[in-house]
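Student: Need coordinates for the following:
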Amino acid sequence: MRVTIELPDNLRARVMALSAQRGYRGYGRVIVEAVECYLDGLESKQDILEKVLGMAGSWTRGETEEARSGVAEVRASYRKMKT
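Tutor: Prediction:
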């Protein structure tokens, strides 16, 4: 099916460059791949969210605190990497 979309100039240039690197004529295939990747990511996030919400109440208080501590450590190290 054909669809008309509007892309900002900088995004269009990046899509065209990627298409050229892959040897595609036009950039439709890259757009299809991008949309598929985006939708697959949304589905994965939804699956993960449902699993996590299904686990509500299954951890002990100690396990919860251990997980919070681990997340805090990762966030702190990530912030250091960005600066």
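Student: Which residue ranges of the protein form helices?
Tutor: Applying DSSP state H to the chain gives helices spanning 9-22, 28-54, 61-82.
Student: Out of the ones you listed, the one nearest Arg2 is which?
Tutor: helix 28-54 (8.9 Å; Cβ to Cβ). Any C-beta I mention is one placed from the backbone N, CA and C, and that applies to glycine too.
Student: Which strands or helices does the closest one pack on?
Tutor: Packing partners of helix 28-54 (3 or more Cβ pairs under 8 Å, 6 or more residues apart in numbering; DSSP states H and E): helix 9-22.
Student: Measure how the helix it packs on sits relative to helix 28-54, angle-wise.
Tutor: 110 degrees (axes from the mean of the first three to the mean of the last three Cα atoms, to 10 degrees).
Student: and helix 9-22, what does it pack onto?
Tutor: Contact here means 3+ Cβ pairs under 8 Å, 6+ apart; on that basis helix 9-22 packs against helix 28-54.
Student: any weak-confidence spans in this structure?
Tutor: Along the chain, segments meeting pLDDT under 70 span 82-83.
Student: switch the cut-off to 90
Tutor: 1-3, 40-61, 64, 76-83 (pLDDT under 90).
Student: Just give me the residue closest to the centre of it.
Tutor: Computing the C-alpha centroid of the chain and ranking residues by Cα atoms, centre = their mean puts Gly41 first, at 5.5 Å.
Student: so Ala19 touches Val32, yeah?
Tutor: Just so we're on the same page, residue 19 is Ser rather than Ala. No - using Cβ atoms under 8 Å, Ser19 is not in contact with Val32, being 11.2 Å away.
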